[in-house]
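[1] Okay, here's the prediction I keep looking at, along with the sequence it came from:
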Amino acid sequence: MTISRLSRIALGASAFAALAFAPVAGSAKPARDHQSWWKSAVIYEIYPRSFQDSNGDGIGDLNGVTQRLDYLQKLGVDAIWLTPFFPSPNADFGYDVADYTGVAPEYGTMQDWDRLTREARKRGIRVLVDFVLNHSSDQHPWFKESRSSRTNPKRDWYVWRDPAPDGGPPTNWQSIFGGSTWEYDKATHQYYYHIFLPQQPDVNWANPGLKRAMYDVMRFWLRHGASGFRLDATPYLFEDPNWPNDPEVKSGRPVWLKPYNSGLPAGNAILRDMRRIVDKAPGDAVLLGESSTATIEDLRKVYGAKSDEINLPMNFLYGNLTKLDAPTFKKQIDDAQMKLDGLPPVFFFSSHDHSRQWTSFGDGVHNDAIARVTSAMTLTLRGTALLYYGEEIGMADLPKEELQHFPLGPKRKVADNRDPERSPMQWTGDASGGFTTGAPWLPVASAARTVNVAAQIRDPASMYAWYARLLQLRRTNAALRDGAYLPLESGNPDVVAYARIDAEGRGVLVLLNMSAAPQSLSISGWRGRLPQDASVLLASPATDKIDLQAPALEPYGVQLVQFTSRR
Ligand code: GLC
Ligand code: CA
């Protein structure tokens, strides 16, 4: 079976006191007491199965992540988000959870988890847990009970409906992974609802018992050192209670944004409860939301009418873009900066559901230069940035040829269209990329021979060095850290230009050439803040020349220019 690529489609304080998050003295990071850490954070997504294997079974694990915390600290990330490591039949690689408060043996133990968060805290790194709140596995004891009879007390913890009069499914709705959203249960003659796989029945958030149990899950992980959650699939918590048939089931809005299956207002109350739970935990815990929306106005609503719901809803209007096109980016960037009431936007491109940006934006010739354009953009905007493991060394999707002959087996029972972006981290140039001493669950890309951490960490011109420098600038440059966003006109349809300005009027001008040709520009929009004393902070290709009267950029060139401004 193949799972379609989601990216393409959308896709009591005191009890906690001892765990309060405080970066240790001597940590490389300056204090962030000027504002909450998450408003300008870099959150690094780790797919634990593919990051680092510590025991030679070919599957990455929690101890592997712990081994690599020094690396992450050196790179300069504020937090890591771990995709699911809970017991799971792996119909959707962990996103079908069979036990919300356990660690799957292939990833380690609860002790390993506790050590990971302890060691991360020592290094000033927070850890976010992936909370799969819309559905469980069909192997979860709750669902096994629920399906056991119509009168079981947990029957109502899931979404059960009678067949339509003709015996067919209750509605004509389609699931995001294809096929009907309804699965017939022969024993009890009803259908259960699943917006993803049949092995992922949706839970019923209208049921008070389910709600309590889920909130307890959150408190469990907060007690165990988590600094918050990445909330999976937040738009789908409720369905239209009238269960209307879809008059245009194969057209209209895409299946993951239908008005009857997503963004129903009842979900907002749940998210407010969750926000209260993280707000009560010490250390400024946070909710990062997988919150796909059709418009910027809908994205604004995900933060909550009173900004009391998801702190950080991922901006899919930006994250789903795969074509390097300056006017499109200019619009998405300006919208995110100016139509979200100043709330922190969340920028990202790559993820375990998305093609890696080195591949999706690359033209086959200038991929490295293009990756510097996309990363500079994500990392110099006001807001929070997500990185996906390996993007900092310019990892590519695993080529089809390298995956084609790789056998399915006990470590990877099903093929998934998202396998290419989930290949193991490339630490070294060895055959196994330094990921494992055994046989990896997914092939290590042959590119690891040249594209790997060991080689890049020594090379000041490497992609790793580029990312590390961008992260360092975000921390140390006041304008980039929390300065205002100033939209600019570049006077050239291939170039995106904007500036970040701090309270003292110092700023950073960002110029991004999204074309394969050299470009000259004529910048306007300074609103009286004429820049002076310009000097290059970072550029690709490297240069220290800048002429603000007539700036020029190389093909896919990037310039970050420091200036002072005079009104
Ligand atoms: C989210 C996850 C994705 C998963 C889906 C179903 O979109 O990011 O990987 O398949 O939810 O849980
Ligand atoms: Ca392992």
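    Received the coordinates, thanks. Numbering: from 1, shown residues only. Ligands and ions are numbered 1, 2, ... in the order given.
[2] List of residues touching stretch 251-269?
    Under the contact criterion Cβ atoms under 8 Å, 6 or more residues apart in numbering, stretch 251-269 has outside partners 9-11, 173-176, 181, 195, 205-206, 234-240, 243-244, 246, 292-294, 298, 301, 304-305, 309. All C-beta spots, glycine's among them, are computed from the backbone N, C-alpha and C.
[3] buried ones in that stretch?
    255-258, 260-264, 267-268 (16 or more other Cβ atoms under 10 Å).
[4] And for stretch 304-323?
    Quick answer for stretch 304-323 (16+ other Cβ under 10 Å): 304, 309-321.
[5] So that stretch, near ligand 1 or not?
    No: Stretch 304-323 lies out of reach of ligand 1 by Cβ under 6 Å from any ligand atom, never closer than 9.9 Å.
[6] how far is that stretch from where the chain is centred?
    Distance of stretch 304-323 from the chain centroid (Cα atoms, centre = their mean, to the nearest Å) equals 10 Å.
[7] Renumber starting at 861 from here on
    In the new numbering, first residue 861, that becomes stretch 1164-1183.
[8] about what we covered before: which one of the buried residues of stretch 1111-1129 is nearest to ligand 2?
    Ranked by distance to ligand 2 (Cβ to the ion), these are led by residue 1116 at 32.9 Å.
[9] Model confidence for the closest one, exactly?
    Residue 1116 is assigned 92 on the pLDDT scale.
[10] how much space is there between it and residue 1095?
    Remark: distance between residue 1116 and residue 1095 (Cβ to Cβ, to the nearest Å) = 8 Å.
[11] any shared contact partners between these two?
    Applying Cβ under 8 Å, 6+ apart, one finds that residue 1116 and residue 1095 are jointly contacted by 1122, 1152.
[12] What about the buried residues of stretch 1111-1129, which are in helices?
    Among the buried residues of stretch 1111-1129, the ones falling in helices (DSSP state H) are 1127-1128.
[13] got CSV for the buried residues of stretch 1111-1129, with distance to residue 1075 too?
    Formatted as CSV, the buried residues of stretch 1111-1129 follow (distance: Cβ to Cβ, whole Å):
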residue, distance to residue 1075
1115, 29
1116, 26
1117, 27
1118, 28
1120, 26
1121, 23
1122, 22
1123, 22
1124, 20
1127, 15
1128, 16
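[14] could you dump the buried residues of stretch 1111-1129 to CSV with distance to ligand 1?
    Listed next are the buried residues of stretch 1111-1129 as CSV, based on distance: Cβ to the nearest ligand atom, whole Å:
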residue, distance to ligand 1
1115, 13
1116, 9
1117, 13
1118, 16
1120, 19
1121, 14
1122, 12
1123, 15
1124, 18
1127, 15
1128, 19
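[15] ok so, going back, so among the contacts of stretch 1111-1129, which ones count as buried?
    869-871, 1033-1036, 1041, 1055, 1065, 1094-1099, 1106, 1152-1154, 1158, 1161, 1164, 1169.
[16] Return the list of helices and strands in contact with the strand or helix carrying residue 975.
    Using DSSP states H and E, residue 975 maps to helix 970-982. If you count contacts as 3 or more Cβ pairs under 8 Å, 6 or more residues apart in numbering; DSSP states H and E, helix 970-982 packs onto helix 922-927, helix 929-935, strand 986-991.
[17] Toward the C-terminus, what is the element adjacent to the longest one?
    For helix 929-935, the succeeding helix or strand toward the C-terminus, using DSSP H and E, is strand 939-942.
[18] what's the distance between stretch 1403-1421 and the middle of its chain?
    31 Å.
[19] let me redo that: stretch 1016-1032
    For stretch 1016-1032, the distance to the chain centre is 34 Å (Cα atoms, centre = their mean).
[20] Also stretch 1395-1409?
    31 Å.
[21] Residues contacting that stretch, please?
    1229, 1232-1233, 1236, 1321, 1326, 1329-1330, 1333, 1337, 1368-1369, 1383, 1391, 1394, 1414, 1416-1423.
[22] which among these end up buried?
    Among the contacts of stretch 1395-1409, those scoring as buried are 1229, 1232-1233, 1236, 1326, 1329-1330, 1333, 1337, 1368-1369, 1383, 1391, 1394, 1414, 1416-1423 (criterion: 16+ other Cβ under 10 Å).
[23] Buried residues, the helix holding residue 975. List them.
    972-973, 975-977, 979-981.
[24] what do you get for stretch 979-999?
    Here stretch 979-999 shows 979-981, 983-999 as buried, counting by 16+ other Cβ under 10 Å.
[25] Residue 1221 against residue 1228, yeah?
    No: here residue 1221 does not reach residue 1228: they are 11.1 Å apart, not a contact under Cβ atoms under 8 Å.
[26] More neighbours: which of the two?
    Per other Cβ atoms under 10 Å, whichever of residue 1221 and residue 1228 has more neighbours is residue 1221, with 22 against 16.
[27] what does the stretch 1261-1410 of the chain have sitting close to ligand 2?
    Within the stretch 1261-1410 of the chain, not a single residue sits near ligand 2 (Cβ under 5 Å from the ion).
[28] ok and the residue in the stretch 1261-1410 of the chain nearest ligand 2?
    residue 1296 (7.3 Å).
[29] what separates the residue of the stretch 861-1010 of the chain found nearest ligand 1 from ligand 2, distance-wise?
    Going by Cβ to the nearest ligand atom, ligand 1 is nearest to residue 955 of the stretch 861-1010 of the chain, at 3.3 Å. Distance, residue 955 to ligand 2, using Cβ to the ion, to the nearest Å: 20 Å.
[30] so who does that residue touch?
    943-944, 948, 992, 1056, 1060, 1092.
[31] Keep those residues, but drop any that are not near ligand 1.
    Taking Cβ under 6 Å from any ligand atom, the overlap between these and the neighbourhood of ligand 1 is 992, 1056, 1092.
[32] would you list those in a markdown table and tack on pLDDT and distance to residue 1194?
    As requested, the ones next to ligand 1 among the contacts of residue 955 are exported to a markdown table (pLDDT from 0 to 100; distance: Cβ to Cβ, whole Å):
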| residue | pLDDT | distance to residue 1194 |
| --- | --- | --- |
| 992 | 98 | 34 |
| 1056 | 98 | 34 |
| 1092 | 98 | 29 |
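[33] for the protein, what helix or strand is lowest in average pLDDT?
    Of the helices and strands making up the chain, the lowest-confidence element is helix 873-876, at a mean of 35, by mean pLDDT, DSSP states H and E.
[34] Averaged pLDDT, the next helix or strand after that helix. What do you get?
    Once the chain leaves helix 873-876, the next helix or strand it forms, by DSSP H and E, is strand 902-906. Averaging pLDDT along strand 902-906 gives 99.
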